[in-house]
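S.K.: A structural model of the following input is requested.
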Amino acid sequence: MLGAARNLGRGSIMLRGMVSLDPVTVRGKQYPLLFQTGELAQGKPIVDGQHPHDLLMELSIQYARPLSEKAMLSLYYAPVGDAALGPVAFPHRDSAMELPQATLGHHWQDATHIANNVVSAGIDFSKFRLEASGFRGREPNENRWNIDMGAMDSWSARLGWRPTPRWLAQVSTGRLRRPETTHVDDVQRTTASVHYTRPVRGTLGWSTSLIWARNYKTIGRYSTNAFLAETVRPMTRRNLLTGRFEWSQRDELFEYDHDLAYEIFEKTGKRAHNVSAYTIGYTRELGSVRALTVAAGFNVTAYSIASTLKPFYGSTPAAASVFLRIRLGAANERRKERDEYL
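M.R.: From the prediction side, this is the model:
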């Protein structure tokens, strides 16, 4: 992420850009992730995999101007950027900093952190922030190197509340115009979340999030829900424990075979199937090299699934991840700021 800001009249203007190396590092246009769905790879709906991010995750301009001692007006435009819908997205959320894989509820909770042709307006007053966005509702296509411009056909609104520096809460809703290429449905998405970060000296803090979201499909006329609870706790400066619980109603696990999906629906009467995921992990800080900090970690996930899924996934599906994490020095600056806060 790069940004530049300067004063402009009574306000200030900021330019911001963010890139991802996913198009280079993620082969086959997806990486394995049990029970994950959403978007396409090789022209087919992704099932049991996570799509990569686009090279350009944000390219935006923002203007902010104080209206009074307690009020601030902000205007935002981005050919690719973040719409005012959902919580802080999982790649940027403090409580998910040591859990590199995407959440199962990504396309319920925070997928619009990368949207196209986004315009937003917001008002900050005291501890509250009210904002609204117009944007292109379609998910990015398989070309991860371009900007998928299109008509501004979707909208969202979000109310945020930060009662103290440690707490952040939001509720939001939006109408997305045909977000998935393979579905004609519009989606009405509603989310609510609470985040808490407790400063811990010498670390980025102990962070916890609770997130709920619902998608209502306008043609199918049914809703599915997703819930998440996650935390990262530094036990010492170099040792961190992580945990994540997820529950969601999966309605796209058989996108690769519509006849099979119809057969299961005829037998069970269910469009969606419950999946719970329990993840625990450990990260060890290995040291610093100039502006870089290096760490290694792992996590394991056990799943509890609906009986309708067991013929296809077995009775006790599980997964594991091992990762090497390299972080730029900005995280060290955040650590120093929190030490000063303490």
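
S.K.: how much space is there between the closest residue in space to T173 that isn't next to it in sequence and A111?
M.R.: Excluding its sequence neighbours, the residue lying closest to T173 (CB to CB, 6 or more residues apart in numbering) is T190, at 4.6 Å. Heads up, the C-betas are built off the backbone N, CA and C, glycines and all. From T190 across to A111, the span is 14 Å (CB to CB, to the nearest Å).

S.K.: Those two - which one has more neighbours?
M.R.: Neighbours of T190 and A111, each counted by other CB atoms under 10 Å, are more numerous for A111; the result is 26 against 18.

S.K.: can you pull the contacts of that one?
M.R.: Residues near A111 by CB atoms under 8 Å, 6 or more residues apart in numbering: 38, 86, 139, 179.

S.K.: Now it. Its backbone dihedrals?
M.R.: phi -60, psi -20 (degrees, to the nearest 10).

S.K.: Stretch 136-149: how far from the chain's middle?
M.R.: 17 Å (CA atoms, centre = their mean, to the nearest Å).

S.K.: got a list of contacts for the helix or strand containing I13?
M.R.: I13 is part of strand 11-19 when elements are defined by DSSP states H and E. The contact list for strand 11-19 (CB under 8 Å, 6+ apart) reads 1-6, 55-66, 73.

S.K.: Just checking: what are the partner strands of that strand?
M.R.: strand 2-8 (antiparallel), strand 56-66 (antiparallel) (DSSP bridges).

S.K.: Let me know whether the residue nearest to T173 touches I211 as I believe.
M.R.: No. T190 is beyond contact range of I211, at 11.9 Å (criterion: CB atoms under 8 Å).

S.K.: distance of T231 from G205?
M.R.: 11 Å.

S.K.: how many other residues sit next to G49?
M.R.: Neighbour number of G49 under other CB under 10 Å is 21.

S.K.: Helix or strand: which one has it?
M.R.: Using DSSP H and E, G49 falls in strand 44-50.

S.K.: Quick one: mean pLDDT for that strand?
M.R.: Averaging pLDDT along strand 44-50 gives 94.

S.K.: ok, and what's touching that strand?
M.R.: 30-41, 101-102, 106, 182, 252-256.

S.K.: taking these one by one, which sit in helices?
M.R.: Counting by DSSP state H, the contacts of strand 44-50 place H106 in helices.

S.K.: Only the buried members of the contacts of strand 44-50: can you turn that into a ChimeraX selection?
M.R.: A single ChimeraX command suffices to select whichever of the contacts of strand 44-50 are buried according to 16 or more other CB atoms under 10 Å:
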select :30,31,33,34,35,36,37,38,39,40,41,101,102,106,252,253,254,255
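
S.K.: now the helices: where do they sit in the stretch 201-342 of the chain?
M.R.: 258-268, 310-313, 330-341 (DSSP state H, counting those that start in this stretch).

S.K.: which of these has the lowest average pLDDT?
M.R.: Minimum mean pLDDT among these: helix 330-341, a mean of 48.

S.K.: Could you give the bridge partners of F227?
M.R.: Applying DSSP bridges, one finds that F227 bridges with W212, W247.

S.K.: just checking, it touches E246?
M.R.: Yes. Assessed by CB under 8 Å, F227 is found in contact with E246 at 7.1 Å.

S.K.: neighbour count winner among those two?
M.R.: E246 (21 against 18).

S.K.: For the stretch 51-200 of the chain, which segments count as strands?
M.R.: 56-66, 71-81, 115-125, 128-136, 154-161, 167-176, 187-198 (DSSP state E, counting those that start in this stretch).

S.K.: Return the set of buried residues in the second one.
M.R.: Pointing back at strand 71-81 there. 72, 74, 76, 78-81.

S.K.: Can you tell me which of the residues you listed is nearest P199?
M.R.: M72 (25.3 Å; CB to CB).

S.K.: Quick check: closest non-adjacent residue to the closest one.
M.R.: M72 sits nearest to D124 (CB to CB, 6+ apart), 4.1 Å away.

S.K.: how near is the one you found to W108?
M.R.: 27 Å.

S.K.: The two: who's more crowded?
M.R.: Legend: neighbour count by other CB under 10 Å for D124 and W108, higher for W108 (26 against 19).
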